[in-house]
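In: what follows is a predicted protein model with its sequence.
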Amino acid sequence: MTEYVVLSSILFTIGAVGVLVRRNAIVVFMCVELMLNACNLALVAFAKQHGNLEGQVAAFFVMVVAAAEVVVGLAIIMTIFRSRRSASVDDASLLKF
Amino acid sequence: MFVLETGLEVPVVAPESADGVLGLVWLVIALPLLGAAILLLGGRFTDKWGHWLGTAMPIGSFVVSLLMFLEIQGRDEEDRQVVKHLYDWIHVGGLRVDMDLLYDPLASLFLLLITGVGSLIHVYSIGYMEHDPRRRRFFGYLNLFVAAMLMLILSENYLGLFLGWEGVGLASYLLIGFWQHKHSAAQAAKKAFVINRVGDMGMATAIFLAFTLFGSTSFTVISARAGGASEAAMTAFGILLLVGACGKSAQVPLQAWLLDAMEGPTPVSALIHAATMVTAGVYLVVRSNFVFEYAPDAQTAVVVVAVVTILWGAAIGCAKDDIKKALAGSTMSQIGYMMLGAGLGTAGYAFAIFHLLTHGFFKANMFLGAGSVMHGMDDDVDMRHYGMLNKAMPVTFLTFAMGYLAIIGFPGFSGFWSKDKIIEVAIGQNLLVGACALVGAGVTAFYMTRLMLMTFFSEKRWQKDVHPHESPALMTVPLIVLAALSVLGGLLLAGNWIIHWLEPVVGPEEEHELPIPAIGITVITVLVVAVGVALAFALFQRQRVPDVAPTDVSFVTRAARNDLYGDAINEGLVVQPGRRLVAGLFVFDRSGADGAFMGGGAAVKALGGVLRKVQTGYVRSYALSVLVGVLVVAAAMLAVNL
């Protein structure tokens, strides 16, 4: 049991650090997916431990939302790349004080 | 310092339910109110017949009043107070105020005076205002006034009285400023309104106090519980009522508005500012006798105010060349006599009301007479332009002479009986007060004789192209009726009728010991009056009266011409400090209050300027802040769980 949670934590940490340090929007996006799947792993693991289905159902929801998010997110990244010729998240920083 | 004895038997207001013709008491108020509504809302459609309707309404009220008077006259003394419950007015929590009308011997006399004299003045106004394009509106206002005044008199509680009180104030304002195109009239109306607000403040506070002390504003309740309240509370109550009475009745120190109120049309001066509304203060004091009987200090205050006003008004009356202002000074002084009677307690209440009635007759008569004179003299009010009008206006002259003889207290005329009685009671209670009242009577004789001589005798000082003529019958008939009443008003005292009549309201008359027999006081009064008349005769008949008022006059005359500097006193004591207070508050508002708010705003703005730097536009820094937030929340939850 502990192994699953530790793996989930490691995956989540890799994802979070990736989001914070990488500039490429595609990589940032993949890191976000990594965090979501880390969460899924934890949910399924806990569902298994408690012997019910709620965690597993939640994991399905997360997958559906993640799929939808990928569609929208990739479309936005494509559009930004087309207009700015760059996929760096630091370049798109006009919306500020 | 003198002590006024309090009567042990203070009558309690304990009315029965009204039935029969007395149940019609609401009609007395409703008729003029309906008239006012029709005339003021009907607009130009009522122009043709509006004045007739306006006159019919108070006459209708008079008929009802007369029927009711005859009804209670035939009853036993203890059955003469009746109350008519109209509807529940205010029922909120512990506050219960009903729209009740109280009809008793005191109210009956007032009803007859207001509707009777009021009807005569309405008739007179038809002639007087004939050429005024806004005559219909004038009658609307007059009806409104009559309705409000009747409400004031008939209400069974202080709140209803206050309703009428404010109503007459409004009507007074509208009518003083009736010729609003004249700047002076507009100013005078505003002045009357503002000074009356000062009195109303006292009145309103008195009502609050009544509610706190007795849990009610009803006369019935308060008169039953008055004995249980502390004397200090009753004194405060009485003084506050006196402040209200001073404002409405133009008593010193709230007297300054009455002289300017003469800017209104003359019938208004006669009805509102001589015969009825200005006597509301006297009514208030007499009606609140159950308050003042338990508050000797408040009674003393009433007496002091009254005596000062008697002499103040008389001094002004001596110096004015404007016939209406001279009469206004006289009104002030005569109301002082009524207040004096009311302040003297059980011994004087009946005489205060007696003088109020006779004054209502003869002063209305003289004001209408003055209006008739002005009518014939092209609206000139300066007595220095009159003279020898007795030939040109015989009816006006003769009726005016009746009023004149009544006010100076010529033996046999109404004013003789009423004023003499007040002076007698005053002397019986305090020699100094009595002496002042006596001096006032002498001065009254002086200024009224001066007015009479300058107007109807001495020599012609008419301006060019002025052709005095007698007024039409619509104006002279009311004059004749009022003149007859001025002569015969003294009959009310025949067999001490009025004293017995008012006994259920104000209690039995108190016996008072006189230092000299009553007949001696009467003789002295008549002698003082004769001296005043003789002095005026020597000054204004034997000597020539200049057309233009002489300017090289003594300080006293100059002061009296300026209303004894009443306006300057108000200016110095109230207006200037008020302005300075406002200026100070303005500075405080700008620097203190505004500073606090603006400073707070500026601080928040500066903080916002710093905090907005957080919005860098870099997605990664936002992500970091989200992560830190999640960690903080998670740590907090763990900390709480552990």
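Out: Ah, there it is.
In: three-state assignment of the closest residue to chain A within chain B?
Out: Closest approach between chain B and chain A, counting by C-beta to the nearest C-beta: B:Gly617, at 3.1 Å. For glycine as for every other residue, the C-beta is placed from the backbone atoms N, C-alpha and C. Following DSSP: H, G, I helix; E, B strand; the rest coil, B:Gly617 is assigned to coil.
In: do A:Leu94 as well
Out: coil.
In: the lengthiest helix in chain A close to chain B?
Out: Using DSSP state H, we find that the single longest helix of chain A is helix A:54-84. No: Helix A:54-84 does not reach chain B (C-beta under 8 Å from any C-beta of the partner chain); its nearest approach is 11.2 Å.
In: now that helix: mean pLDDT?
Out: Mean per-residue pLDDT for helix A:54-84: 93.
In: what's the answer for stretch B:91-104, then?
Out: pLDDT averaged over stretch B:91-104 gives 89.
In: and it, how far out from the chain's middle?
Out: Its chain's C-alpha centre and that of stretch B:91-104 lie 24 Å apart, by C-alpha atoms, centre = their mean, to the nearest Å.
In: dump it to CSV, keeping only the CA atoms.
Out: Coordinates of each C-alpha in stretch B:91-104 appear next as CSV, following Å, rounded to 0.1, in the frame of the first residue of the first chain:
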residue,chain,number,x,y,z
HIS,B,91,-51.0,51.7,17.7
VAL,B,92,-47.4,50.7,17.7
GLY,B,93,-46.0,48.7,20.6
GLY,B,94,-46.7,50.6,23.8
LEU,B,95,-47.7,53.7,22.0
ARG,B,96,-51.5,54.1,21.6
VAL,B,97,-52.8,57.3,20.1
ASP,B,98,-56.4,57.5,19.0
MET,B,99,-58.1,60.1,16.8
ASP,B,100,-60.4,61.3,19.6
LEU,B,101,-62.2,64.6,19.7
LEU,B,102,-62.8,66.1,23.1
TYR,B,103,-65.8,68.5,23.4
ASP,B,104,-66.1,70.3,26.7
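In: what's next to it, contact-wise?
Out: Contacts to stretch B:91-104, defined as C-beta atoms under 8 Å, 6 or more residues apart in numbering or on different chains, come from residues B:13, B:15, B:18, B:22, B:25-26, B:29, B:68, B:72, B:80-90, B:111, B:154-157, B:159-160, B:211, B:215-219, B:504-505.
In: what about the residue lying closest to B:Val12 once chain neighbours are set aside, which helix or strand?
Out: Spatial nearest neighbour of B:Val12, excluding adjacent residues (C-beta to C-beta, 6 or more residues apart in numbering or on different chains): B:Ser223 at 4.8 Å. Assessed by DSSP states H and E, B:Ser223 sits inside helix B:219-225.
In: and the pLDDT at B:Glu5?
Out: pLDDT, B:Glu5: 46.
In: my bad, should have said B:Pro517
Out: 85.
In: neighbours of it, just the number please.
Out: 9 (other C-beta atoms under 10 Å in any protein chain shown).
In: list the residues that contact it.
Out: Applying C-beta under 8 Å, 6+ apart, no residues contact B:Pro517.
In: check the gap between the residue nearest to B:Val481 when sequence neighbours are not counted and B:Ile59 for me.
Out: What sits nearest to B:Val481 in space, not counting adjacent residues and going by C-beta to C-beta, 6+ apart, is B:Leu120, at 5.8 Å. Plainly put, B:Leu120 is 10 Å away from B:Ile59 if you go by C-beta to C-beta, to the nearest Å.
In: coming back round to it: so which elements touch the longest helix of chain A?
Out: Counting contacts by 3 or more C-beta pairs under 8 Å, 6 or more residues apart in numbering or on different chains; DSSP states H and E, helix A:54-84 packs against helix A:25-50.
In: for the helix it packs on, buried residues please.
Out: A:25, A:28-29, A:31-32, A:34-47 (16 or more other C-beta atoms under 10 Å in any protein chain shown).
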